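With the sequence up front, the predicted model follows.
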Amino acid sequence: MRKYLIVTADDFGLHEAVNEAVEQASRSGVLTAASLMVGAPEAADAIRRARALPGLRVGLHLVLADGWSVLPRARIPDLVDGDGRFGDRMVADGFRFFALPRVRRQLEDEIRAQFEAYARSGLVLDHVNAHKHFHLHPTLLTMMLRIGREFGAPAMRVPDEPLWFARRPHARWSAGAMSAFLAPWLALMRLRLRMAGVFHNDRVFGLAGSGSMDDTRLLEILARLPPGVTEIYLHPATRSGGAIAASMGAYRHADELAALLDPRVRRAIAATGVPCGGFRDAFGAPAARAAA
């Protein structure tokens, strides 16, 4: 099986420092893709920068937890607070998404609105995923696949991380257990993506090291790069921690940017001989513009 590498920055548009890092890492580092939060405070700045970065593949990072909606609260009162922000009680919200038809209707409206906002950017849609990997939820996945088909979404991230990385020393203690718990959900997700004709990666790295994907970890991954399409995702920024978001107090954003710019990482990728790019490049999907 051939190898292919996608290096993605999540949370594009969240903060100007994130956008600056994405631009730097695309121009001078090893970053090949970014996932855009269309409702985030600096989304317009991110879109402007992306238009000037022809080598950067951009996708939609759907936000349905811990972030801003696109629709006003009057349209989705059961989903967001008075400031238009989703909460972070993902387990409780997951039950509501499944059980309450009124909430599902609002959820579908918001997902469609985020796809529409991305389409208005005029950027090519390289992929779609969800903030905090909420697309593992079967209800959300169903909506994303149905609506994404209308907008030409070619690919989706499958958050399946090799156990050797999740269980390595200094990883979060729960990472290995979480990987085992998610195994049946990941298998179902893969099946549904195949049935829908949506491309996906074979493996991902970044779950167990979220916020701490430094040069050491990137070099470790590259030394053991598995067959198939591998996505490494990071959260780079020119500043770190709570300066980017309150929920990211422990994140080492600047270290992740430094890793993407590290010449040793670039040489390690070159040494593998593995081609790099976005999801459309990996799977040969037509580079059509986002649906209007």
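Yep, it's here. What you see is a predicted model, and the numbers here were worked out from it, not measured in a lab.

All the helices of this structure, in order from the start?
16-28, 43-51, 90-99, 101-121, 138-150, 163-166, 175-196, 215-223, 253-261, 263-272, 279-283 (DSSP state H).

Report the inter-axis angle for the third one versus helix 138-150.
Same thing as helix 90-99. Using axes from the mean of the first three to the mean of the last three Cα atoms, to 10 degrees, the inter-axis angle of helix 90-99 relative to helix 138-150 is 70 degrees.

With the second one instead?
Helix 43-51 and helix 138-150 meet at an angle of 50 degrees, taking the same axes, to 10 degrees as the criterion.

Confirm for me that Ala153 is in contact with Ala196.
No. Between Ala153 and Ala196 there is no contact under Cβ atoms under 8 Å: 9.7 Å. The way it works is simple: take the backbone N, C-alpha and C, and place the C-beta from them, glycine included.

Compare those two and say which is more crowded by neighbours.
Ala153 (26 against 16; other Cβ atoms under 10 Å).

end to end, how far does stretch 39-59 reach?
Using Cα to Cα, to the nearest Å, the end-to-end distance of stretch 39-59 comes out at 14 Å.

Show me what counts as buried in that stretch.
Neighbour-count burial for stretch 39-59 flags 39-40, 42-43, 45-47, 49-50, 56-59 (criterion: 16 or more other Cβ atoms under 10 Å).

Would you format these as CSV with pLDDT included?
As requested, the buried residues of stretch 39-59 are exported to CSV (pLDDT from 0 to 100):
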residue, pLDDT
Gly39, 97
Ala40, 96
Glu42, 97
Ala43, 98
Asp45, 98
Ala46, 98
Ile47, 98
Arg49, 98
Ala50, 98
Leu56, 98
Arg57, 98
Val58, 98
Gly59, 98
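
Could you dump those residues into CSV with distance to Arg85 added?
Shown next, in CSV, are the buried residues of stretch 39-59 (distance: Cβ to Cβ, whole Å):
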residue, distance to Arg85
Gly39, 10
Ala40, 11
Glu42, 15
Ala43, 15
Asp45, 20
Ala46, 19
Ile47, 21
Arg49, 24
Ala50, 24
Leu56, 27
Arg57, 28
Val58, 23
Gly59, 22
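
And those residues, which is closest to Asp93?
Gly39 (16.8 Å; Cβ to Cβ).

how much space between the closest one and Asp215?
Remark: distance between Gly39 and Asp215 (Cβ to Cβ, to the nearest Å) = 32 Å.

Could you do Glu108 as well?
Glu108 sits at a distance of 41 Å from Asp215 (criterion: Cβ to Cβ).

Equivalent analysis for Ala259, please.
Per Cβ to Cβ, Ala259 is found 4 Å from Asp215.

same deal with Pro77?
45 Å.

Who has more neighbours out of those two?
A direct count of neighbours by other Cβ under 10 Å for Pro77 and Asp215 places Asp215 higher, at 18 against 13.

residues in contact with the more buried one?
255, 258-259, 262, 264-265 (Cβ atoms under 8 Å, 6 or more residues apart in numbering).

what's the neighbour count on the nearest residue to Gly277 once chain neighbours are set aside?
Among residues not flanking Gly277 along the chain, Thr32 sits closest, at 5.3 Å (Cβ to Cβ, 6 or more residues apart in numbering). For Thr32, the neighbour count with other Cβ under 10 Å is 26.

Surely Thr32 touches Val58?
No. If you go by Cβ under 8 Å, Thr32 and Val58 don't touch, sitting 10.6 Å apart.

Closest to Asp10 out of the buried residues of stretch 39-59?
Checking the buried residues of stretch 39-59 one by one against Asp10 (Cβ to Cβ), the nearest turns out to be Gly59, at 9.9 Å.
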